[in-house]
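*Asks:* got a structure for you, letters missing:
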């Protein structure tokens, strides 16, 4: 069982509206999204493309529902853009997140990313960084992470399919290279599984350096079909590679066990990008909530 005084439960809005494919969930409003999150029993959420950009407006809407923001995606381009440009955008997002109660910002390096290309097979053409590019990424993140800590925030890095940090070897090199004082891990069970990595191995190794956790399930049959039929990452999303915990093939019991036995404090967050016209967001949010309550006591 997980300690409610240490571990909080959240959900991502990507099940309602998809940032990369805005037609998915175009009919779902911000108000509906956060209302259904609260109705399903969640107290934390991340930020989606329909959320208010005024902190006061967002805080009011969330407070009415007993919710708070716990993280937001940030696209960094430290390998391909001037550092100063990335830092300016990072600080703006960081300040906004602090104003809406979050302690965490989730960074994903999007230089050369193929995750958003509809016609690019996700298993082909992924960029592999050279030593100079690794240095740009690591040095940049260390500097951004120091800025975050100075504001009492945490920079967490999201390993992700189709990006420069996808494989187990890349995750290990990344964690060996960054400053553990300033850069932390955003662990994602779904992206590990989809990439063919044992999520238990990764979380077990890095739980003490993890500050945010995405609970994403994978339908193994669809993941295999994605690879066999050369789907893009986004086509995989549309066709149901991902789902909520308890609805796919990821074994969450050992992951919950690692969290329970660690000193982890923060959010575990349900994230399952699907087509909301096929997978009703409220129905799947309730399904995930029941599964997590049963398995963890949260």
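*Replies:* Thanks, I have it. In this text the structure is predicted, and so the values were computed from the model without any measurement.

*Asks:* the nearest residue to residue 293 once chain neighbours are set aside: how many residues sit nearby?
*Replies:* Across the structure, with CB to CB, 6 or more residues apart in numbering as the measure, the residue nearest residue 293 apart from its sequence neighbours is residue 41 (7.8 Å). Every residue, glycine included, has its C-beta placed from N, CA and C. Residue 41 is flanked by 16 other residues according to other CB atoms under 10 Å.

*Asks:* what do you get for residue 135?
*Replies:* Residues within reach of residue 135, counting by other CB under 10 Å, total 13.

*Asks:* secondary structure element for it, which one?
*Replies:* Mapping residue 135 onto the secondary structure by DSSP states H and E places it in helix 131-150.

*Asks:* over to residue 223?
*Replies:* Secondary structure assignment for residue 223, by DSSP H and E: helix 220-228.

*Asks:* then residue 98?
*Replies:* Counting by DSSP H and E, the element that carries residue 98 is helix 83-99.

*Asks:* which residues does that helix contact?
*Replies:* By CB atoms under 8 Å, 6 or more residues apart in numbering, the list of residues contacting helix 83-99 from outside reads 47, 53, 55, 59, 69, 71-72, 74, 76-78, 104-105, 107, 136, 140, 143-144, 147-148, 151-153.

*Asks:* kindly report the same for stretch 191-205.
*Replies:* Contacts with stretch 191-205, where a contact means CB under 8 Å, 6+ apart, come from 158-161, 166-168, 171, 175, 187, 189, 210, 213-214, 216, 218, 223, 236, 241-242, 249-251, 254-255, 258-259.

*Asks:* of those, select the buried ones using a ChimeraX command.
*Replies:* With 16 or more other CB atoms under 10 Å as the burial test, the buried ones among those are selected in ChimeraX as follows:
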select :158,159,160,161,166,168,171,175,187,189,210,213,214,216,218,223,236,241,242,250,255,258,259
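
*Asks:* quick one on the thing from earlier: show me what contacts the residue nearest to residue 293?
*Replies:* Applying CB under 8 Å, 6+ apart, the residues near residue 41 are 9, 286, 289, 293.

*Asks:* and the last one, helix, strand or coil?
*Replies:* Here residue 293 takes the helix state, with states given by DSSP: H, G, I helix; E, B strand; the rest coil.

*Asks:* low pLDDT regions in the stretch 151-298 of the chain?
*Replies:* Applying pLDDT under 70 to the predicted model, the stretch 151-298 of the chain contains no residue that meets it.

*Asks:* ranges for the strands of it?
*Replies:* 154-158, 183-188, 210-215, 217-218, 242-243, 266-270 (DSSP state E, counting those that start in this stretch).

*Asks:* for residue 13, find the nearest of the ones you listed.
*Replies:* strand 266-270 (10.8 Å; CB to CB).

*Asks:* helix/strand/coil for residue 74?
*Replies:* Classification of residue 74 by three-state DSSP places it in strand.

*Asks:* who's it bridged to?
*Replies:* Partner residues in beta bridges with residue 74, using DSSP bridges, are residue 107.

*Asks:* correct me if wrong: it contacts residue 107.
*Replies:* Yes - proximity of residue 74 to residue 107 meets the contact threshold set by CB atoms under 8 Å, at 5.0 Å.

*Asks:* pick out whichever of those two has more residues nearby.
*Replies:* Using other CB under 10 Å, the more surrounded residue of residue 74 and residue 107 is residue 107, with 25 against 21.

*Asks:* so residue 114 is in which element?
*Replies:* Residue 114 is part of no helix or strand when elements are defined by DSSP H and E.

*Asks:* residues in contact with it?
*Replies:* Under the criterion of CB under 8 Å, 6+ apart, the neighbours of residue 114 are 120, 122, 125, 126, 127, 162, 232, 233.

*Asks:* ok, the most centrally placed residue in the chain - contacts?
*Replies:* For the chain, the residue nearest the mean C-alpha position is residue 214 (5.3 Å; CA atoms, centre = their mean). Neighbour list for residue 214: 12, 158, 186, 187, 188, 189, 190, 191, 269, 271 [criterion: CB under 8 Å, 6+ apart].

*Asks:* now swap in residue 215 and tell me
*Replies:* Residue 215 makes contact with 189, 244, 245, 252, 255, 268, 269, 270, 271, 288, 292 under the criterion CB under 8 Å, 6+ apart.

*Asks:* give me the beta-bridge partners of it?
*Replies:* Under the criterion DSSP bridges, residue 215 forms beta bridges with residue 270.
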